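Peer 1: sequence below, structure please.
(2 chains)
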Amino acid sequence: MALDLKNGCIEMAHGSGGRAMSELIDQLFLPAFDNEFLQQKNDQALLTLPGYRIVMATDSHVVSPLFFPGGDIGSLSVHGTINDVAMSGAKPLYLSASFILEEGFPLSDLQRIVRSMAKAASECQTPIVTGDTKVVEKGHGDGIYINTTGIGVVPNELTLCPQNIQVGDKVLISGSIGDHGTTILSARQDMDFASELASDSQALHDLVEIMVATCPTIRCMRDPTRGGLAATLNELSQSAHIGMLLDEVHIPVKPSVAATSELLGLDPMYIANEGKLVAVCPADQAELLLTQMRLHPKGLDAAIIGEVIEDSNNFIQLRTAFGGKRVVDWRYADPLPRIC
Amino acid sequence: MKYISEFRDGELAKNLSKKIALAANTNREYRLMEFCGGHTHTIFRYGIPDLLPANVRMLHGPGCPVCVLPMKRIDAAIELALRPNTILCSYGDMLRVPGTEKMSLLKAKSQGADVRMIYSPADCLKIAQDEPGKQVIFFAVGFETTTPPTAVIIEQALQLKLKNLFIFCNHVLTPPAITGILEPAKQANKKVLDGLIGPGHVSVVTGSAPYDVIAEKYQVPITISGFEPLDILQSILLLVKQINQGSYLVENQYTRAVSAEGNMKAQTLMSEYFELRDKFEWRGLGEMPLSAIQIKPAFKHLDAERCFPITQKTSTDNKACECPAVLTGQKKPTECKLFNNPCTPENPLGSCMVSSEGACAAYYTYRRSDFISSDITSHKEH
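Peer 2: Residues are numbered from 1 along each chain as shown, chains lettered A, B, ... in the order given. Below you'll find the predicted structure:
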């Protein structure tokens, strides 16, 4: 029976393991993710990997709204995991995708999401080679949850980790901060913002490839997603037992993001990104690395934002554009908008 | 950002900083209190203390609406939120404020209460219209700044004949809070501060005139200030000059927004629906007469306090908490024994640690490097 992709909805049967599930896979997932591994219709994918070390990362995606300017949960679930793999300096090779669908979820939305995932995966040349679908009763899920796992390979000589960081190193960011989080906030229901905001959701593996080729002594890379730049830098400083001193004037923030966060009383330093990376590299390599990053379309606004300093308290400090200094705290939870 | 970045210019800040250093007499101390939590936030976020000479010291006042709300009002909001068939609407920064036994609106939400974070009171109207079967309660909090929007939704609820919107009114007034700091000091024949940075957004509504009496009575110069860092630096310079001259006038630095008489339309709207409470308890400052407002009896069908039973709890703050001394400028947050251990923004024991505008939270978040290094120094000295 043909799925009614226009008006149909997810039913419990689509997760039952029976014919309904097979129809969903054959008519919706397979055509979108089409590749030799999935065509075998095994419960697993048999992969051949080059003789490097293997990197593996997994990420579950829950986002409201599911569709937002600059992306959707589908593209986000591909980019997020590819970036987690790529931050090790690895080349991402394969992805898995696991769906938890809520009974009643429109098939047309599912198709839109799946096509968006397929497009993202294809652009990154990282096929989705295995997957799973479960259906939960109506009221027991938020429409759709997607888990993706990625594997990639990293050359033997490359080990990027916070422990490599040394006092005197420079801290770089690949572009403007806070784009994704402010877009999601303003796209949420009940917030009627007219603005040019768009999520920065994108895969960074190609930028990473150029960066490690330019500067093999790069110490460490991270993508500052939840908790924003502030959380990522605090994590690094705690792991590496160092401090950092940043220059506010050099941290790129788009005017629309600055204005939205200003209105809500939020600080872009704490707002999520989905297509930016932070890198720490030796001071004498920083300018060269920056030049190469800026030549790449995903690093046009890259900047050197600060340096690593000795600090037994592992504080991230910020020289404000105004001329003072403050700590960039590692917050316990998401910041909440202020009253006035 | 047009019209914002101009007020955050580092070069202009340097100039003002030099002017303050030149104007400040090295033989004396200048204790200046910023009333508003918004000012406190700006001061720390932009690192203004680093631009001031050591003898110009900022004290942080009680103008943080989240901080001054006593625990029993938070308890009441939580109790209202947990009522069946109820939606409680609240501004974001009230959600984590702990009530008795560390309960909060967010925790109530996780226990099944329908708590909605709103960005404007107008959102409550929409929710009440969309959910006619639910009782929608707005947890109204704030000084004169947030009172007019509450008055507007009362007016609109009346026009729309909405039967399911209620206001839990916790609006408080600024002048009694300033008097609450200055009067006890006057009684004790002490001067606790040399100048006051007056509220900006509040004054947009009230005008600058209400402060004339205060400046005169307590002989303290007041500068109504904007919230951008250059506004604050300029206000500090104006105060230093007044203090040098021995004058105590109300000056208006925030002329782009504040007039002497204020926003008459907003004032009329407020007096239409609200009346003074005989007394109201402030966290940190205690019970103060005529310091808050309530909904007039004519509109009691909108007043959550009159429509729903609320348990009167007698919850008290931790005894070692120095919030009263911090809120009145007598102590720095770091002089409290509880500061940083165990009182932190994750585990706030006192009112000043609960909101990002509270003095303790601002110290903790933005200046922790100062006191931790000074702790190390003092440790070495012992």
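
Peer 1: show me where pLDDT drops low in the chain?
Peer 2: Assuming you mean chain A. Along chain A, the model assigns pLDDT under 70 to residues A:189-195, A:335-340.

Peer 1: meant chain B actually
Peer 2: B:1, B:372-382.

Peer 1: repeat that with 80
Peer 2: B:1-4, B:312-317, B:351, B:354, B:356, B:369-382 (pLDDT under 80).

Peer 1: the helices in chain B, which residues?
Peer 2: Ranges of helices within chain B are B:10-23, B:37-45, B:71-81, B:105-110, B:122-130, B:147-159, B:174-187, B:201-206, B:210-218, B:229-245, B:264-273, B:304-307, B:323-327, B:359-381, based on DSSP state H.

Peer 1: what about whichever residue of chain B sits closest to chain A, how many neighbours?
Peer 2: Chain A sits closest to B:G47 of chain B, with a gap of 1.7 Å, by CB to the nearest CB. C-beta coordinates here come from the backbone N, C-alpha and C atoms, glycine included. By other CB atoms under 10 Å in any protein chain shown, 24 other residues sit near B:G47.

Peer 1: residue contacts, the spatially closest residue to it that is not a sequence neighbour?
Peer 2: Among residues not flanking B:G47 along the chain, A:G324 sits closest, at 1.7 Å (CB to CB, 6 or more residues apart in numbering or on different chains). Taking CB atoms under 8 Å, 6 or more residues apart in numbering or on different chains as the criterion, A:G324 is in contact with B:Y46, B:G47, B:I48, B:P49, B:D50, B:L51.

Peer 1: A:G324 and A:L66, how far apart?
Peer 2: 42 Å (CB to CB, to the nearest Å).

Peer 1: closest to A:C124 out of the helices of chain B?
Peer 2: helix B:105-110 (37.2 Å; CB to CB).

Peer 1: buried residues of the closest one, list them for me.
Peer 2: B:L105, B:L106, B:K107, B:A108, B:K109 (16 or more other CB atoms under 10 Å in any protein chain shown).

Peer 1: got a list of what the second one touches?
Peer 2: This points to B:L106. Per CB under 8 Å, 6+ apart, neighbours of B:L106: B:L95, B:R96, B:V115.

Peer 1: now rank these by neighbours and give me the top one.
Peer 2: B:V115 (24 neighbours).

Peer 1: once you drop chain neighbours, what's closest to that one?
Peer 2: In this structure, B:V115 finds its nearest non-sequential neighbour in B:K109, 4.2 Å apart by CB to CB, 6+ apart.

Peer 1: correct me if wrong: the one you found contacts B:M117.
Peer 2: No - the pair B:K109 / B:M117 is not scored as a contact, 9.5 Å apart, by CB atoms under 8 Å.

Peer 1: common neighbours of the two, please.
Peer 2: With CB under 8 Å, 6+ apart, B:K109 and B:M117 have common neighbours B:L95.

Peer 1: give me the residue from chain A nearest chain B.
Peer 2: For chain A, CB to the nearest CB, closest residue to chain B: A:G324, 1.7 Å.

Peer 1: ramachandran coordinates for that residue?
Peer 2: The phi and psi values for A:G324, taken as degrees, to the nearest 10, are phi -100, psi -170.

Peer 1: center of chain B, which residue is that?
Peer 2: B:C64 (1.8 Å; CA atoms, centre = their mean).

Peer 1: burial measure for the nearest residue to that residue once chain neighbours are set aside, as a count.
Peer 2: In this structure, B:C64 finds its nearest non-sequential neighbour in B:G37, 3.0 Å apart by CB to CB, 6+ apart. Counted with other CB under 10 Å, residues neighbouring B:G37 total 31.

Peer 1: touching, B:G37 and B:G358? I think so.
Peer 2: Yes - counting by CB under 8 Å, B:G37 touches B:G358, with 6.6 Å between them.

Peer 1: mind listing the shared neighbours of these two?
Peer 2: Residues touching both B:G37 and B:G358 by CB under 8 Å, 6+ apart: B:C64, B:V66, B:C67.

Peer 1: turn the residues you listed into TSV, columns for distance to B:Q253.
Peer 2: Formatted as TSV, the shared contacts of B:G37 and B:G358 follow (distance: CB to CB, whole Å):
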residue	distance to B:Q253
B:C64	21
B:V66	25
B:C67	24
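
Peer 1: return the member of those residues nearest to A:D142.
Peer 2: B:V66 (29.8 Å).

Peer 1: which residue sits closest to the closest one, ignoring its sequence neighbours?
Peer 2: That would be B:S355: by CB to CB, 6+ apart, it lies 3.6 Å from B:V66.

Peer 1: quick check: the one you found touching B:L69?
Peer 2: No - assessed by CB under 8 Å, B:S355 is found out of contact with B:L69, at 9.6 Å.

Peer 1: those two: which is more packed in?
Peer 2: Counted by other CB under 10 Å, B:S355 and B:L69 do not tie: B:S355 has more neighbours, with 29 against 25.

Peer 1: quick one, what contacts the more buried one?
Peer 2: A:R338, B:G37, B:C64, B:V66, B:C67, B:D93, B:V97, B:A361.

Peer 1: also B:N85?
Peer 2: B:G133, B:K134, B:Q135.

Peer 1: ok, and the most crowded of these?
Peer 2: B:Q135 (20 neighbours).

Peer 1: can you count the residues close to the residue lying closest to that residue once chain neighbours are set aside?
Peer 2: Nearest residue to B:Q135, sequence neighbours excluded (CB to CB, 6+ apart): B:T86, at 4.9 Å. Neighbour count for B:T86, taken as other CB under 10 Å: 19.

Peer 1: of the helices of chain B, which is nearest A:V280?
Peer 2: Among the helices of chain B, helix B:359-381 sits nearest to A:V280 (CB to CB), with 20.5 Å.

Peer 1: just to revisit the earlier point, tell me the one of the buried residues of helix B:105-110 nearest A:D132?
Peer 2: B:K109 (31.3 Å).

Peer 1: for that closest one, give me its contacts.
Peer 2: Taking CB under 8 Å, 6+ apart, one finds B:A81, B:L95, B:V115 in contact with B:K109.

Peer 1: if we can go back for a sec, find residues that contact each of B:S355 and B:L69.
Peer 2: Common contacts of B:S355 and B:L69 (CB under 8 Å, 6+ apart): B:V97.

Peer 1: show me what contacts A:T217?
Peer 2: Per CB under 8 Å, 6+ apart, neighbours of A:T217: A:C281, A:P282, A:Q285.
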